[in-house]
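**Q** Sequence first, predicted coordinates after that:
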Amino acid sequence: MVWFYPLNQLEISGYEAYALVWFSPLLCISTRFLNAIQSKSGILILRLLCVASVASFQAPTTLLRLQILAGGNFFAILLLLATWWHKSAYQRCMSLWGHLLGFIALLASRVWFISITPAWSNVTSNNVVIALGVIAVIDRYIAVEFPLPEAKPNTKVNTHWKKIAAGFGSLLFITHCLFGDVAVLCRWIGKGYPYTGPSPYPFSCGVFIELVTGLMIASKAGLATHFLWTWFIGGHCIIAMYYFDAYTAFAFGLLSALYTMSIWPEISDRLTSCPPVKTLTFAMGIYLIEMLFCVWTVAYNFVPGGWITREGTFYLLLFIILYIGFALLLGKGRDITKFTSKHMAFRNLDGTGPISVHADVKLLLMFLLFIGIGGYAYRGQNIRSPASNKANPNEFSTLIFTAHFMYDNEGKPSFERVAKLLNETDADVITVLESDASRPFLGNNDIAMYLSEKLHMYHDFGPSTKDHTWGNLLLSKYRIVNSTHHLLPSPNGELAPAISATLNISGTLVDVVTGHMGNEGRDDEDRKLQAEYLANITKASNRPIVFMGYIVSKPDSRDYNRIRYIGKLKDIDSSDVDRFCQYIFYNRLKRVGYARISHGELSDTEAQLAKFNILAKDSQQDNNVVVIDKNKVDPSVHFPQRFGNFYNGHHLGSDHRYHMGTPKYFTQESP
């Protein structure tokens with residue numbers, strides 16, 4: 001929610017100050033306050049406040065939603081300190097495994113919701129999550145605690161509290177960044193057709209299994225603190241995952257997932273052996289710095305000092321690896337093989353041994369694993385091959401839309417509404433720009449997978465998430481023969497994405513080029529080079545071609561003319577001078593129709609729709625007569641009626657309507 005404001009304003013907004021809620025542990029400097037929140041009633045109140053903050057999804061305004069959610073995070077960090085540093089070893093142990101099992105449960109639920117967090121999907125699922133949360137809070141309140149002696153810190157590690165705190169903050173970040181949803185890894189390593197690498201469905205199931213397995217093997221004595229496990233498996237696999245792509249990177253990513261979850265119990269025990277206030281505050285500070293670094297890496301063109309972090313993910317990963325290693329290897333950890341083990345995660349709670357709790361945890365992990373795998377099986381039943389049922393197989397339609405990361409103009413998730421809009425246009429080929437939400441500050445949502453499954457279309461997404469663009473998605477009802485992902489020249493400004501693909505449309509190979517250029521007024525040199533780059537791609541094609549791009553220039557501007565004329569393209573409607581961002585160009589096709597559909601508050605940008613006919617062999621005759629009365633053209637070429645009729649003006653309503661002097665149809669002769 002903090003990100004929503006600078007996202008719209010393209011600059012620091014001031015609302016970033018809400019991130020200070022992560023430093024709420026400073027209040028616990030007061031011993032009286034710490035004792036109050038660690039009491040049974042204090043923990044109950046904090047848990048209820050955290051659950052209540054989930055209702056922020058239903059808040060009527062964006063600012064109120066941000067304030068409630070920030071309050072929830074404020075109380076969540078206090079709750080973490082109150083329970084993980086509780087005097088009762090039972091409370092510590094139950095809280096740790098509650099967090100870890102809750103994380104796996106979240107991942108399993110996101111499988112069913114196609115990568116969307118259920119609490120942030122719709123009002124019904126939000127209410128269900130709140131109800132389950134209240135039940136869980138009451139259950140923990142009335143549960144009987146074992147009369148264990150007070151938890152004791154491990155004095156052999158607490159002198160290294162700064163490095164342990166930095167390691168914990170880094171572990172929290174990388175878990176959130178890379179494994180906040182099981183599909184994120186596949187978006188980090190994807191390539192173009194035909195060798196795309198592992199698709200999120202079904203390959204992300206492997207990530208889910210490895211994360212669960214990591215927690216299952218965490219009880220192996222000495223594993224987390226073994227030098228080879230930490231540096232060779234942990235460090236090398238994370239770096240290899242970053243440098244390789246496709247299936248090679250995926251294999252290293254699976255090992256990274258296994259490693260990441262296997263060290264959570266050990267590093268958590270070391271964390272809670274350190275002084276609570278300064279350790280947790282420092283850890284949250286490290287987490288916040290790494291999150292801001294992640295934001296700065298992508299949005300460096302709009303933030304102060306952004307040039308420092310540009311394409312600097314390697315340095316961030318290196319820092320994370322080093323400090324996780326320091327946290328695990330400095331000092332001697334507890335021996336969990338002893339019957340009297342004082343380990344936070346492997347404590348002898350019921351007198352049957354230190355691993356007894358973990359044995360129960362394994363049963364719950366298996367249960368959650370089956371739930372997650374069941375989600376893949378359920379979704380598999382609904383996946384079917386794309387179908388384009390047209391009376392004229394040589395006719396196809398294209399659409400360009402800027403999704404704004406699937407957050408509408410009020411900051412609410414718009415997944416279902418965007419899918420509904422795109423489906424109702426009946427478009428055969430769609431490009432969705434600003435579509436990379438596989439980042440922690442955007443919810444780790446896989447827009448490509450979601451729309452592909454909802455619309456039953458092939459998809460190509462690129463460049464990959466680790467390339468730091470805002471995202472470019474191509475959806476098609478026709479098979480994608482091959483594609484190339486491009487990072488457009490960006491010596492000064494934001495990295496800009498493009499895809500050049502070849503589709504098999506009714507036996508004819510048609511090229512499609514999509515791209516998102518830099519912003520006007522900021523990156524003049526970049527935009528010049530990007531226009532040249534895109535023009536070179538399109539002019540090299542000798543097949544029918546469609547270009548759909550976010551040019552951010554007026555018609556007849558330098559970059560518009562460069563792409564159109566040097567790229568050997570024709571504008572779908574050169575008479576439409578009231579455009580600025582999105583354009584549809586084409587060549588070696590016959591234009592049939594053109595429409596602009598209002599955004600209806602889904603985004604800050606409308607949808608543009610075009611229809612084409614594939615030319616007969618050796619024919620170059622286009623349709624040059626404009627018709628605005630749909631009754632004067634064949635009904636088979638009409639655009640969908642659900643968006644109304646010809647409208648000559650800007651439609652400002654919350655619904656979707658044709659506007660800006662469209663729809664238009666094109667014929668060879670006056671009707």
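**A** Perfect, I can see it now.

**Q** residue contacts, the closest residue to V577 other than its chain neighbours?
**A** Distances taken as CB to CB, 6 or more residues apart in numbering put P555 closest to V577, at 5.2 Å, once the chain neighbours are dropped. Quick note: C-beta positions are derived from backbone N, CA and C, even for glycine. By CB atoms under 8 Å, 6 or more residues apart in numbering, the residues touching P555 are 571, 574, 576-577, 579.

**Q** if we take those residues, which one ends up nearest to A105?
**A** Within these, proximity to A105 (CB to CB) peaks at R579, which comes in at 46.9 Å.

**Q** May I ask you to confirm that the closest one is in contact with K554?
**A** Yes - counting by CB atoms under 8 Å, R579 sits close enough to K554 to count as a contact (7.4 Å).

**Q** Between these two, tell me which one has more neighbours.
**A** R579 (19 against 14; other CB atoms under 10 Å).

**Q** quick one: secondary structure of G222?
**A** Following DSSP: H, G, I helix; E, B strand; the rest coil, the label given to G222 is coil.

**Q** and what of S397?
**A** Classified using three-state DSSP, S397 is strand.

**Q** Give me the neighbour count for it.
**A** 23.

**Q** Correct me if wrong: it contacts Q608.
**A** No - taking contacts as CB under 8 Å, S397 lies outside contact range of Q608: 11.0 Å.

**Q** pLDDT weak spots in the stretch 401-550 of the chain?
**A** 521 (pLDDT under 70).

**Q** My understanding was that M344 contacts T272; is that so?
**A** Yes - if you go by CB under 8 Å, M344 and T272 touch, sitting 5.6 Å apart.

**Q** Now do the shared contacts for these two.
**A** 84, 92, 151.

**Q** Quick check: which of the residues you listed has the minimum pLDDT.
**A** Among these, A151 carries the weakest pLDDT, at 75.

**Q** Can you read off the pLDDT for the closest residue to it other than its chain neighbours?
**A** Nearest residue to A151, sequence neighbours excluded (CB to CB, 6+ apart): A89, at 4.2 Å. On the pLDDT scale, A89 is placed at 86.

**Q** hmm, back to that, so the residue nearest to V577: helix, strand or coil?
**A** Three-state assignment for P555 (three-state DSSP): coil.

**Q** again, but for C274
**A** With three-state DSSP as the basis, C274 sits in coil.

**Q** same deal with R596?
**A** R596 ends up strand, using three-state DSSP.

**Q** follow-up on the earlier one: surely the residue nearest to A151 and N348 touch.
**A** No - using CB under 8 Å, A89 is not in contact with N348; the gap is 9.3 Å.

**Q** chain center to the host helix or strand of Y90, what's the gap?
**A** In the assignment (DSSP states H and E), Y90 maps to helix 89-112. Counting by CA atoms, centre = their mean, to the nearest Å, helix 89-112 is centred 21 Å from the centre of its parent chain.

**Q** Please export the C-alpha coordinates of the next helix or strand after it as PDB.
**A** Downstream of helix 89-112, the first helix or strand assigned by DSSP H and E is helix 123-142. Provided in PDB are the C-alpha atoms of helix 123-142 (Å, rounded to 0.1, in the frame of the first residue of the first chain):
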ATOM      1  CA  VAL A 123     -14.500  -9.400   0.100                       C
ATOM      2  CA  THR A 124     -15.800 -12.900   0.700                       C
ATOM      3  CA  SER A 125     -12.300 -14.500   1.000                       C
ATOM      4  CA  ASN A 126     -11.200 -11.500   3.100                       C
ATOM      5  CA  ASN A 127     -14.100 -12.200   5.600                       C
ATOM      6  CA  VAL A 128     -13.300 -15.900   5.600                       C
ATOM      7  CA  VAL A 129      -9.600 -15.200   6.500                       C
ATOM      8  CA  ILE A 130     -10.700 -12.800   9.300                       C
ATOM      9  CA  ALA A 131     -13.100 -15.400  10.700                       C
ATOM     10  CA  LEU A 132     -10.400 -18.100  10.700                       C
ATOM     11  CA  GLY A 133      -7.900 -15.600  12.300                       C
ATOM     12  CA  VAL A 134     -10.400 -14.800  15.100                       C
ATOM     13  CA  ILE A 135     -10.900 -18.600  15.800                       C
ATOM     14  CA  ALA A 136      -7.200 -19.200  15.900                       C
ATOM     15  CA  VAL A 137      -6.700 -16.300  18.300                       C
ATOM     16  CA  ILE A 138      -9.400 -17.600  20.700                       C
ATOM     17  CA  ASP A 139      -7.900 -21.100  20.400                       C
ATOM     18  CA  ARG A 140      -4.500 -19.900  21.500                       C
ATOM     19  CA  TYR A 141      -6.000 -17.900  24.300                       C
ATOM     20  CA  ILE A 142      -7.800 -20.800  25.900                       C
END
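
**Q** what packs against helix 123-142?
**A** If you count contacts as 3 or more CB pairs under 8 Å, 6 or more residues apart in numbering; DSSP states H and E, helix 123-142 packs onto helix 40-53.
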